[in-house]
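Q: Model the structure of this input:
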Amino acid sequence: MAVKKERLAHLQATINGQARAISEAMVGSVQKVLVERKSRKRDQEMAGRTENNRVVNFEGDTSLVGEFVALEITEAMPNSLRGKLLEA
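A: Prediction:
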């Protein structure tokens, strides 16, 4: 059981490191994002997903839900990205 737990921890660390590297490489790029809902943590923000399934939070309003928007990715967070709305 100890070996299983060690291997799992190693695998999870590898996956998290690769995901973080992909997210950091997206900073500065413009991504097409499908707006899905309001952000869970901030009422004035919306959340959507990029074409490679990364969650992006950005300032916007609820009229954008269901629409594709162009966002400039400004920051890579541990479990999501932050973006700036370029066009609606």
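Q: residues touching the spatially most central residue of the chain, list them.
A: Centroid-nearest residue in the chain, with CA atoms, centre = their mean: V55, separated by 2.8 Å. Going by CB atoms under 8 Å, 6 or more residues apart in numbering, V55 touches 47-49, 79-81. In this view, the C-beta of every residue, glycine as well, is placed from N, C-alpha and C.
Q: now do E51
A: 31-32.
Q: Off-centre distance for the lowest-mean-pLDDT helix or strand in the chain?
A: Across the helices and strands of the chain, mean pLDDT, DSSP states H and E gives its lowest value to strand 81-87, namely a mean of 90. Distance of strand 81-87 from its chain centroid, counting by CA atoms, centre = their mean, to the nearest Å, is 11 Å.
Q: Please spell out which residues along that strand are buried.
A: Within strand 81-87, the residues scored as buried using 16 or more other CB atoms under 10 Å are 81-83, 85.
Q: how close does G60 sit to A70?
A: The spacing between G60 and A70, counted by CB to CB, to the nearest Å, is 12 Å.
Q: Which residues are in contact with each of those two?
A: L85.
Q: what comes into contact with stretch 56-74?
A: 26-39, 41-42, 44-50, 80-88.
Q: From the residues you listed, keep the buried residues only.
A: Members of the contacts of stretch 56-74 classed as buried by 16+ other CB under 10 Å are 26, 31, 33, 35, 38-39, 45-50, 80-83, 85.
Q: Among those, which ones are in strands?
A: If you go by DSSP state E, those have 31, 33, 35, 38, 45-50, 81-83, 85 in strands.
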